[in-house]
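Chemist: next one to model:
(chains A, B and C)
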Amino acid sequence: MQDIRNQTMTDTALKAEKISVYYGSTLAVKDVFLDIPRNQIVAFIGPSGCGKSTVLRCFNRMNDLIPSARVDGNILFDGENIKRFDPVELRRRVGMVFQKPNPFPKSIYENIAFGARINGYQGDMDELVERSLKGAALWDEVKDKLKESGLGLSGGQQQRLCIARAIAIEPEVILMDEPCSALDPISTLKVEELMHDLKMQYTIVIVTHNMQQASRVSDKTAFFNAQATEAGGKMGYLVEYDETQVIFSNPREEYTRDYVSGRFG
Amino acid sequence: MTAELPLNDIAPGTWKPNRGRSETIQLIIKIICGAFATISILTTIGIIGTLIFEAFSFFGNLPSELSKDSEQVSYMQGVIHFLTAGRWTPLFASKQFGIFVLISATLMITFISILVALPLGLLAAICLSEYASPKIRKVLKPVLEILAGVPTVVYGYFALLTVTPFLKTFFPVEGFNSLSAGIVLGIMITPMVASLSEDAIYSVPQSLRDGAYALGGTKRETVWSVVLPAALSGIVSSLILATSRAIGETMIVTLAAGANPTLGFNPFVPVMTMTAYIVQVTKGDAPHGTIAYQTLYAVGITLFLITLALNIFSFWFVRRFRQKYD
Amino acid sequence: MTAQGIENKGASSGNFKQNLSGRYNLDRVFATAAWAATIVSVLVLVWLLFTILKDGLGTINWNFFTAFPSRKPEQAGIKPAFFGTLWLMAVVAATSFPIGVGAAIYLEEFATDNWFSRLVEINIGNLAGVPSIIYGLLGLAVFKRIMGPITGGNSVLSGGLTLSLLILPVIIVATREALRAVPNSIRLAGFALGANKWQVVWNHVLPSAMPGVLTGVILALSRAIGETAPLIAIGAVAFIRSTPSSLQSPFTAMPIQIYNWVGRPQAEFHQIAASGIIVLMVMLLLMNTIAIYFRNRFQQTR
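Modeler: Prediction:
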């Protein structure tokens, strides 16, 4: 699998071309251009309401589920427009981890097996569950209680369960929407370490409020900002996108400099 | 100096709060309201008290009713007769008191009603919560509540005069039968199942649905494998409450299922449920102290215990299996 | 393996055999079933209403409202049943409203969390699940027989009190919800002006909770108006040639009259039963409309 990928696929996992998102008639995010390189971690930072999560949800077409939402522009996944994918197929290959841990009210085992089962996984399920839990650095903590409810775990464990659940369907990209915002510092550290390990196999896009986190984990960083619209709402746009090092040490834009130095946001 | 303060212009004595009187009024009100709250407890005591008292007289008199010329029947044998005898003929000359005859009819009709209400109510609940647009949901939810408020005698009319003739074109049903009563009873409890299940399904957090979609689930897979299991406690409790309502329902079965205590599970023939028996006897004005009067309460307490057990089970089930999402 | 777009939709990808078309077919079946169930439920309601209107509209005339029951269906009317129901509702409203609201005030404002309020709470939950005919047996034993000398036996008062007990849990629950919806700031403002608890409840909390309370009471009354079984159990009979003149008068009520006519073999009686149902349903509809009106006002002012 891995070698086939390397032969035929481009170095860009996801490419956003002039993405704009509307909720009803309000423009929420305007004209975003982005390239997400393969096997790297890209962080989206910016103040609340600047559309980071909205853009993230475009990549696996989660916005399709909101009836009033409309996405203009194109996103290419492996060079193919995601509009030409079936959403179910796309989401199988572009996994997602949410802000609040949302394990299903099922056993730990079933939490992992669910996605694989509905998508017709052909291999050995027990082996997949073990591999996914190991991949999410959770195996040692839960291997004796796979039949217990996923809701019985601590917040940090629940979030790693959700990561395990996401990698069980063998995606190419994992989208993480503020995965640590509901976690304590120690759990956060564990998840961050985990991201480093996952980078070998997956492309990761992470939305975060925490600038230290962005600088610690990511290779590239996109800074979003919001501007007031005439209608009184907020409209998000991409200010600057560059190597994380550049964004945090020597950004081109004034706004970025102010934001990363903690002057607003 | 002080005279300049406006407050001093007011003559002393303008403020005469009668705190004592206010407190007395409050105390009296509190006692009255407390007494009103006690009425609900007195109702329960009254129900259980009368049921037990009259049922006790029933079991006290049962041996003498059953005894033939020579053989004596003990109290224990009386209870065993009540629970196991295959005939229910308390108003006839040769009296038999097999409560199971009435229970079997109640069970059969309830079972048919659940067969109708479970798929209809649950699917309608899923439809309203997951498939219908907010607009349609806003219209249909009150319709369900109106349906739940239709008097049962109306459903009885519908069962006897509309559904039974309709069924006659397909099945060899008699004029009174448990099939028609069961179907209409199911229609009656469907809104209850739908409305309560819908509440449970609707309150499943959106984050679980998002989680399932993000794993490549289709809508049905999301609803079926994630949303429904998460709402299970609410769905089951709505079903149990609906079952309890069906068991205690009176007018539909009295009108449509007949008054013929037969043992067996043939849905095409007339039967007699526990509630229908109570109606039959009270309509005839059974004098207090007779065995007929006492059978009312023996049947009543059986009915009460069955529904009570179901209600307690439902409370327990919700408490035990409710998922807490914050 | 090239980039997987729409070309090989449904084909395997990696270790997965996704079978998308099969899954979407199942999705369609499921969605169809859900819609079908909803539509069937609505259609059944339409069928029910249609039959009753078709059967009953023809026989509604002035005579139907002013005549007494008769052996001849064309002469029979609902006058005693209609007035009996009005009398019953008056008794039920006059007893259940103060008792239910008082009990709710006690539970919600005076004794918020002690053993007694918890006991009453559990008790109310259980009472709400007791079949209505059991209340009838209670009424038969207590109101008709034991308190017979006061209530007059099979009388408006016995029937009304029985129905009152039946809907009391509903009223208490609805009133408590309405009281709970009153913002605590209103209570604190009252206390800050030196009012005691009862003065605050009476002058501030109850007025703002009133629309919610009235909604609950009217919905509970609309349940009582359609109850048949408990009234039969305490011995109300359909064939009465007078309207009630006092609380101790014997009575009949709309649902009992309907029940009686449905049970007759002649089709003509079935028609006037349907007419009676129409009248009863119109009364219910009016009550529901008033309740919804109060509810909407309640939601606006909240």
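
Chemist: show me what the helix or strand hosting B:R319 packs onto, helices and strands only.
Modeler: Per DSSP states H and E: B:R319 is located in helix B:291-321. Using 3 or more C-beta pairs under 8 Å, 6 or more residues apart in numbering or on different chains; DSSP states H and E, the elements in contact with helix B:291-321 are helix B:19-66, helix B:99-126, helix B:232-248, helix B:274-283, helix C:115-127, helix C:132-139. Placement of C-beta: from N, CA and C, glycine included.

Chemist: out of the ones you listed, flag the one nearest chain A.
Modeler: With C-beta to the nearest C-beta as the criterion, chain A lies closest to helix B:232-248 of the helices and strands packed on helix B:291-321, at 8.4 Å.

Chemist: roughly how far out does the helix holding B:R319 sit from the chain middle?
Modeler: Relative to its parent chain, helix B:291-321 has a centroid offset of 10 Å by C-alpha atoms, centre = their mean, to the nearest Å.

Chemist: got the angle between it and helix B:274-283?
Modeler: 150 degrees (axes from the mean of the first three to the mean of the last three C-alpha atoms, to 10 degrees).

Chemist: got the residues of chain B near chain A?
Modeler: Remark: the part of chain B in contact with chain A comprises B:133, B:205, B:207-218, B:221, B:225-226, B:229-230, B:323-324, using C-beta under 8 Å from any C-beta of the partner chain.

Chemist: how long is stretch C:255-274 end to end?
Modeler: Looking at stretch C:255-274, the gap from its leading to its trailing residue is 11 Å under the measure C-alpha to C-alpha, to the nearest Å.

Chemist: which secondary structure element of chain C has the lowest mean pLDDT?
Modeler: Ranked by mean pLDDT, DSSP states H and E, the helix or strand of chain C with the weakest confidence is strand C:12-13, at a mean of 51.

Chemist: what's the following helix or strand after that strand?
Modeler: Using DSSP H and E, the helix or strand that follows strand C:12-13 in sequence is strand C:16-17.

Chemist: centre of the chain versus that next one, how much separation?
Modeler: Strand C:16-17 sits 53 Å away from the centroid of its parent chain (C-alpha atoms, centre = their mean).

Chemist: other SSEs contacting it?
Modeler: With contacts defined as 3+ C-beta pairs under 8 Å, 6+ apart, strand C:16-17 has no helix or strand neighbours.

Chemist: what's the following helix or strand after that strand?
Modeler: helix C:20-56.

Chemist: picking that back up, quick one: buried residues of the helix holding B:R319?
Modeler: B:291-304, B:306-308, B:310-311, B:314-315, B:317-318 (16 or more other C-beta atoms under 10 Å in any protein chain shown).

Chemist: in chain C, where is pLDDT below threshold?
Modeler: Where chain C drops to pLDDT under 70, the residues are C:1-14, C:112, C:238, C:298-302.

Chemist: quick one: the helices in it, in order.
Modeler: In chain C, the segments counted as helices under DSSP state H are C:20-56, C:62-66, C:79-105, C:115-127, C:132-139, C:148-151, C:156-180, C:184-192, C:197-200, C:206-226, C:229-233, C:254-262, C:267-301.

Chemist: chain A too?
Modeler: Under the criterion DSSP H, chain A contains helices at A:2-8, A:52-59, A:87-93, A:108-118, A:125-135, A:139-142, A:155-168, A:185-198, A:211-217, A:244-249, A:254-260.

Chemist: and the residue in the stretch 151-265 of chain A positioned nearest to chain C, its phi and psi?
Modeler: Among the residues of the stretch 151-265 of chain A, A:E170 lies nearest to chain C; the distance is 5.6 Å by C-beta to the nearest C-beta. Geometry field for A:E170 lists phi and psi as phi 50, psi 60, criterion degrees, to the nearest 10.

Chemist: ok, it - how many residues close by?
Modeler: 24 (other C-beta atoms under 10 Å in any protein chain shown).

Chemist: that one and A:N225, how far apart?
Modeler: Spatial separation of A:E170 from A:N225 under the definition C-beta to C-beta, to the nearest Å is 35 Å.

Chemist: do you know the pLDDT at B:T222?
Modeler: The model reports B:T222 with a pLDDT of 94.

Chemist: same deal with B:S70?
Modeler: In this prediction, B:S70 carries a pLDDT score of 65.

Chemist: alongside chain B, which residues does chain A contribute?
Modeler: Proximity of chain A to chain B, by C-beta under 8 Å from any C-beta, involves residues A:60, A:62, A:65, A:67, A:88-89, A:91-92, A:95-96, A:98, A:100, A:102-106, A:114-115, A:118-119, A:151, A:162, A:165-166, A:169.

Chemist: quick one, which of those residues are buried?
Modeler: Using 16+ other C-beta under 10 Å as the burial test, these include A:60, A:62, A:65, A:88-89, A:91-92, A:95-96, A:98, A:100, A:102-106, A:114-115, A:118-119, A:151, A:162, A:165-166, A:169 as buried.

Chemist: tell me which residue is most central in chain C.
Modeler: Nearest to the mean C-alpha position of chain C, counting by C-alpha atoms, centre = their mean, stands C:R223 at 2.5 Å.

Chemist: swap in chain A?
Modeler: Nearest to chain A centroid, counting by C-alpha atoms, centre = their mean: A:L175, 1.6 Å.

Chemist: can you give me the distance of that one to B:L232?
Modeler: Using C-beta to C-beta, which is the criterion applied here, A:L175 is 30 Å from B:L232.

Chemist: same check, this time on C:W198
Modeler: Using C-beta to C-beta, which is the criterion applied here, C:W198 is 45 Å from B:L232.

Chemist: tell me the pLDDT of the residue nearest to the centre of chain A.
Modeler: For A:L175, the predicted pLDDT is 94.

Chemist: which ones are touching the closest residue to it other than its chain neighbours?
Modeler: Excluding its sequence neighbours, the residue lying closest to A:L175 (C-beta to C-beta, 6 or more residues apart in numbering or on different chains) is A:M96, at 4.5 Å. The contact partners of A:M96, by C-beta atoms under 8 Å, 6 or more residues apart in numbering or on different chains, come to A:60, A:62, A:166, A:174-177, B:210, B:214.

Chemist: which ones among those map onto strands?
Modeler: Mapping the contacts of A:M96 onto strands (DSSP state E) picks out A:174-177.

Chemist: so where's the stretch 51-200 of chain B uncertain?
Modeler: B:69-70.

Chemist: chain C contacts on that one?
Modeler: If contacts are counted using C-beta under 8 Å from any C-beta, the residues of the stretch 51-200 of chain B sitting beside chain C are B:51, B:54, B:119-124, B:126-128, B:130-132, B:140, B:142-144, B:146-147, B:149-158, B:160-162, B:187, B:190-191, B:194.

Chemist: residue 200: what's it in contact with?
Modeler: No chain in the question, so chain A it is. Contact partners of A:M200, counting by C-beta under 8 Å, 6+ apart, are A:N39.

Chemist: actually chain B
Modeler: Listed by C-beta under 8 Å, 6+ apart, the contact set of B:A200 reads B:231, B:233-235, B:238.

Chemist: can I get those in a markdown table including distance to A:L238?
Modeler: A markdown table is the format used below for the contacts of B:A200 (distance: C-beta to C-beta, whole Å):
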| residue | distance to A:L238 |
| --- | --- |
| B:A231 | 40 |
| B:S233 | 45 |
| B:G234 | 43 |
| B:I235 | 45 |
| B:S238 | 48 |
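
Chemist: adding neighbour count, pLDDT and distance to chain C, write those out as a markdown table.
Modeler: Compiled in a markdown table, the contacts of B:A200 are given as follows (neighbours: other C-beta atoms under 10 Å in any protein chain shown; pLDDT from 0 to 100; distance: C-beta to the nearest C-beta, whole Å):
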| residue | neighbour count | pLDDT | distance to chain C |
| --- | --- | --- | --- |
| B:A231 | 26 | 92 | 15 |
| B:S233 | 19 | 89 | 16 |
| B:G234 | 24 | 90 | 16 |
| B:I235 | 24 | 93 | 14 |
| B:S238 | 27 | 92 | 13 |
